[in-house]
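In: one predicted model, sequence on top.
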Amino acid sequence: MKHFVLILASAAVLAACGTMGGTDSTTINQVRGKNGALLTDAEMRQQNRQRESELTESAAKTAKIRMAADSAREGVSAVREGINVLRELRSVFGR
């Protein structure tokens, strides 16, 4: 659960970084300095939305993988506990 919260927080920080620091189309176009590489405000907003969606999807996928791994670990530990119970019963009954 802590990892999931950490991943979501990281995704939020990265999404905020994409919208901070003068990343509007005018600033980017000035840095590029080429007419062929101009971005409109609509294109910039679309790219930001896509980036945010990708971050959210990545965080969700990572959380899903972690939950599957955790459930597998829980299953293995349950089997180990069962084996230990059987060993204890075997030692009690002398076989």
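Out: Alright, I've got the coordinates. Numbers count the residues shown, from 1 in each chain.
In: mind checking the SS state of L39?
Out: State at L39, reduced to three classes by DSSP: H, G, I helix; E, B strand; the rest coil: coil.
In: for K64, see how far away it is.
Out: Separation of L39 from K64 (Cβ to Cβ, to the nearest Å): 34 Å. Yep, even glycine has a C-beta here, placed from its N, CA and C like the rest.
In: equivalent analysis for A78, please.
Out: 21 Å.
In: likewise V79?
Out: Relative to K64, and taking Cβ to Cβ, V79 is found at 23 Å.
In: F93 too?
Out: 44 Å.
In: for these two, indicate the residue with more neighbours.
Out: K64 (11 against 7; other Cβ atoms under 10 Å).
In: got a pLDDT number for that one?
Out: Per-residue confidence (pLDDT) for K64: 95.
In: do the same with A15
Out: 69.
In: next: the one 5 residues further on.
Out: Listed pLDDT for M20 reads 52.
In: equivalent analysis for the one 10 residues further on, please.
Out: You'll see Q30 listed with a pLDDT of 65.
In: do the same with H3
Out: 71.
In: wait, doesn't it sit right on I65?
Out: No - counting by Cβ atoms under 8 Å, I65 is not a contact partner of H3; they are 10.4 Å apart.
In: just checking, what packs against the host helix or strand of N48?
Out: Using DSSP states H and E, N48 sits within helix 41-92. If contacts are counted by 3 or more Cβ pairs under 8 Å, 6 or more residues apart in numbering; DSSP states H and E, helix 41-92 sits against helix 2-19, helix 25-32.
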